[in-house]
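> The amino acid sequence is not available; the structure is as follows:
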């Protein structure tokens, strides 16, 4: 069984990564740069589904399914990324690479495990 991604991916999301700048006085400011804008399926997680990532335990609020993005292949730095959607921000807690049958690890789709962080104050 294969997944018809076009029929389920109805949300346009922006994937962002942090960029740190240093001012003339040595102060550091972090802003976010858009990496890509892609179609996605966003699914709220029911209850309080928890997972372990190393020794840190996080709360998941949403799972976001996207087509495979090579820029997100380094899942070790996944917590650096965030998603902006409809004025809301989601911190990426983990990334799973999925195959076309949606059951095995692969390079067809990626499932982003996210925690909602609130409104996007920067627009």
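Structure's in. What do you need? Please read these numbers as outputs of a predicted model, since none were measured by experiment. Numbers count the residues shown, from 1 in each chain.
> show me where the chain has strands.
In the chain, the segments counted as strands under DSSP state E are 11-22, 28-44, 50-53, 56-59, 62-67, 82-85, 88-98, 109-119.
> Redo the ones you listed as a markdown table? Include mean pLDDT, distance to residue 73 and mean neighbour count.
For glycine as for every other residue, the C-beta is placed from the backbone atoms N, C-alpha and C. Converted to a markdown table, the strands of the chain look like this (pLDDT from 0 to 100; distance: least, Cβ to Cβ, whole Å; neighbours: other Cβ atoms under 10 Å):
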| stretch | mean pLDDT | distance to residue 73 | mean neighbour count |
| --- | --- | --- | --- |
| strand 11-22 | 92 | 13 | 14 |
| strand 28-44 | 92 | 12 | 13 |
| strand 50-53 | 46 | 17 | 11 |
| strand 56-59 | 56 | 21 | 12 |
| strand 62-67 | 93 | 13 | 19 |
| strand 82-85 | 95 | 17 | 20 |
| strand 88-98 | 90 | 8 | 19 |
| strand 109-119 | 85 | 9 | 18 |
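> Of all those, which one is nearest residue 74?
Nearest of these to residue 74, taken as Cβ to Cβ: strand 88-98 at 8.9 Å.
> Give me the local confidence score for the most far-flung residue of the chain relative to its centre.
Relative to the centre of the chain, and counting by Cα atoms, centre = their mean, the farthest-placed residue is residue 25 at 33.3 Å. pLDDT, residue 25: 88.
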